[in-house]
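Enquirer: Below is the structure, and that's it, no one-letter string:
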């Protein structure tokens, strides 16, 4: 079917209001999140403190290699949607949709994780909020008060992103600086006052049913979920200020990965040295429990929880922004319904995509804390799929468009890109293969992934008419702007 000449193909524009440090805060703030306070017990139980450090160091190395792929391709195609644009230029519309759809919901799974975690963190500070139980999922009670908190904070994050990227960016900068100040205080306290002997058994405890290589692998495959965030930079690349040099976008990606790796290792070391780690693995907030037991200091525990709440908000804000931009890019390119590609006339934000992201986040939060691990695992799968897409897109772009301007070139040529692709493929493989210690868990995780896949198929076929109403030349311009040629 030919393009409809009556259809407007004007390209909606987003406001350009993110500074250089704003990009770093967006990436690093998204990466730290709140997992270090809610999931640390699982890392210790599966791999032990030293095993967890090895898993995060190995994962950080893989993420750095993947990050170098982003560092090259982001300034090469600095348009909203990042991976959607790369896959579209390299492979076409259908591949762009697959990568964009799973990436968007990888981001929104993090958003759902934070919406659930806000009640978890605040209930540790204020236990009296655990009232009005409604139902149970996966053995965990869902409280009406927690859902109310999820609704209020989801509304806050949605509002921040609705009324302007400048507001979202400045909030991100302030919160990231506050987080770093808090984190330095309690990590230094844990390491300076702790004991190395508390790290034993270093690689897990067989009595807990885990440990060793299998335990480290179980932690390693979730690394995409804990490290995802550096890839928020390409989602907002089009919204950079005019005076922000393109080549620095890649630098911010690399710096964010390095800083996050050091942060995770420091947290594991600080909490592990603070006291015997086996005493805290069953706690809902093991990091706070570690410092509470070691120092019997309420101010230090509150500092950990405040830092956790700040990290929750920085991660939530960053991924919410990124997820809405991926949906916006798909809509602007008429790959899904064009309403997702609309920009607010005054605020320059992707309003439909923002509101849709808010709705999905809150509905996911209804599953409660029993679904936290499920969101981690399914989110890791979606994000690893997107990482694979970026590595393969970079290889294809180098082949198809060797003369395309590249402000930064990844060292090692295609070799590192193939390593990034292989690492991503390995994570996907061990999450799908029956019998793997890191496979997706039946039924909840497969139900979430299946629902996402079926919904994606529905969106694809529902938007068939919109895709056919624009020519491929117009679609390329809508997605890539001047980089379409």
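Expert: Arrived safely. These numbers come from a predicted model, not from an experiment. Numbering: from 1, shown residues only.
Enquirer: Now the longest helix along the chain: buried residues?
Expert: For the chain, the longest helix by residue count, based on DSSP state H, is helix 40-76. For helix 40-76, the neighbour count (16 or more other CB atoms under 10 Å) marks 40-56, 58-60, 62-76 as buried. The C-beta positions use only the backbone N, C-alpha and C, and glycine is treated the same way.
Enquirer: Repeat that for stretch 390-399.
Expert: Residues of stretch 390-399 classed as buried: 390, 391, 392, 393, 394, 395, 396, 397, 398 (neighbour count, 16+ other CB under 10 Å).
Enquirer: which one among the residues you listed gets closest to residue 161?
Expert: Lowest distance from residue 161 to the buried residues of stretch 390-399 (CB to CB) belongs to residue 390, with 23.7 Å.
Enquirer: list the helices and strands the helix or strand containing that closest one packs on?
Expert: Using DSSP states H and E, residue 390 sits in helix 372-400. In terms of contacts (3 or more CB pairs under 8 Å, 6 or more residues apart in numbering; DSSP states H and E), helix 372-400 is packed against helix 40-76, helix 83-91, helix 93-125, helix 223-227, helix 414-432, helix 444-462.
Enquirer: Which of these has the lowest mean pLDDT?
Expert: Among those, helix 223-227 carries the lowest mean pLDDT, at a mean of 80.
Enquirer: How far does the helix or strand residue 173 falls within sit from its chain's centre?
Expert: Assigned by DSSP H and E, residue 173 belongs to helix 165-193. Centroid displacement of helix 165-193 relative to its chain, using CA atoms, centre = their mean, to the nearest Å, is 18 Å.
Enquirer: and it, average pLDDT?
Expert: For helix 165-193, the per-residue pLDDT averages 88.
Enquirer: again, but for stretch 474-485
Expert: 88.
Enquirer: With adjacent residues omitted, what lies nearest to residue 265?
Expert: The shortest distance from residue 265 to any non-neighbouring residue, by CB to CB, 6 or more residues apart in numbering, is to residue 53 (5.4 Å).
Enquirer: any idea how far residue 261 is from that neighbour?
Expert: According to CB to CB, to the nearest Å, residue 53 and residue 261 sit 10 Å apart.
Enquirer: same question, residue 457
Expert: Counting by CB to CB - residue 457 and residue 261 are separated by 37 Å.
Enquirer: So these two - more neighbours on which side?
Expert: Applying other CB atoms under 10 Å to residue 457 and residue 261 shows that residue 261 carries more neighbours, namely 19 against 11.
Enquirer: How about the secondary structure of the more buried one?
Expert: For residue 261, the assignment made with DSSP: H, G, I helix; E, B strand; the rest coil gives helix.
Enquirer: Please report how far it lies from residue 103.
Expert: To residue 103, residue 261 is 22 Å away according to CB to CB.
Enquirer: what do you get for residue 386?
Expert: Distance of residue 386 to residue 103, computed by CB to CB: 4 Å.
Enquirer: again with residue 29
Expert: According to CB to CB, residue 29 and residue 103 sit 19 Å apart.
Enquirer: number of nearby residues for the nearest residue to residue 352 once chain neighbours are set aside?
Expert: With sequence-adjacent residues excluded and distances taken as CB to CB, 6+ apart, residue 352 is closest to residue 339, at 4.8 Å. Using other CB under 10 Å, residue 339 is surrounded by 12 other residues.
Enquirer: Next, residue 339: secondary structure please.
Expert: Assigned with three-state DSSP, residue 339 falls in the helix class.
Enquirer: pretty sure it contacts residue 331?
Expert: Yes: with contact defined as CB atoms under 8 Å, residue 339 and residue 331 form a contacting pair (6.5 Å).
Enquirer: Need the overlap of contacts for residue 386 and residue 103.
Expert: Common neighbours of residue 386 and residue 103, using CB atoms under 8 Å, 6 or more residues apart in numbering, are residue 83.
Enquirer: if I look at the residue nearest in space to the middle of the chain, how far off is residue 30?
Expert: A centroid search over the chain (CA atoms, centre = their mean) returns residue 228, at 4.0 Å, as the residue closest to the centre. As defined by CB to CB, residue 228 lies at a distance of 7 Å from residue 30.
Enquirer: Between the two, which contacts overlap?
Expert: Common neighbours of residue 228 and residue 30, counting by CB under 8 Å, 6+ apart, are 110, 319.
Enquirer: got the angle for the helix or strand hosting residue 307 vs helix 444-462?
Expert: Take DSSP H and E as the rule and residue 307 turns out to sit in helix 298-332. Between the axis of helix 298-332 and that of helix 444-462 there is an angle of 30 degrees, by axes from the mean of the first three to the mean of the last three CA atoms, to 10 degrees.
Enquirer: where's helix 298-332 relative to the chain centroid, distance-wise?
Expert: Relative to its parent chain, helix 298-332 has a centroid offset of 9 Å by CA atoms, centre = their mean.
Enquirer: and it, average pLDDT?
Expert: 89.
Enquirer: how about the closest residue to residue 260 other than its chain neighbours, secondary structure?
Expert: Distances taken as CB to CB, 6+ apart put residue 31 closest to residue 260, at 4.2 Å, once the chain neighbours are dropped. Following three-state DSSP, residue 31 is assigned to helix.
Enquirer: Same question for residue 335.
Expert: Per three-state DSSP, residue 335 ends up coil.
Enquirer: residues in contact with residue 323?
Expert: The neighbours of residue 323, taking CB under 8 Å, 6+ apart as the test, are 104, 105, 107, 108, 111, 353, 357.
Enquirer: Tell me the most packed of those residues, by neighbour count.
Expert: Within the contacts of residue 323, most neighbours by other CB under 10 Å means residue 104, with 33 neighbours.
Enquirer: And the residue nearest to that one when sequence neighbours are not counted, how close does it get to residue 40?
Expert: Counting by CB to CB, 6+ apart, residue 104 lies nearest to residue 326, which is 4.2 Å off, once chain neighbours are set aside. In this view, residue 326 and residue 40 are 29 Å apart by CB to CB.
Enquirer: ok, now residue 16?
Expert: From residue 16 across to residue 40, the span is 38 Å (CB to CB).
Enquirer: what's around residue 425, how many residues?
Expert: Residue neighbour count, defined by other CB under 10 Å, stands at 16 for residue 425.
Enquirer: Excluding chain neighbours, give the residue nearest to it in space.
Expert: Take residue 425 and drop its neighbours on the chain: the residue closest to it by CB to CB, 6+ apart is residue 388, 5.8 Å away.
Enquirer: Tell me, how many residues neighbour that neighbour?
Expert: That count, for residue 388 with other CB under 10 Å as the rule, works out to 21.
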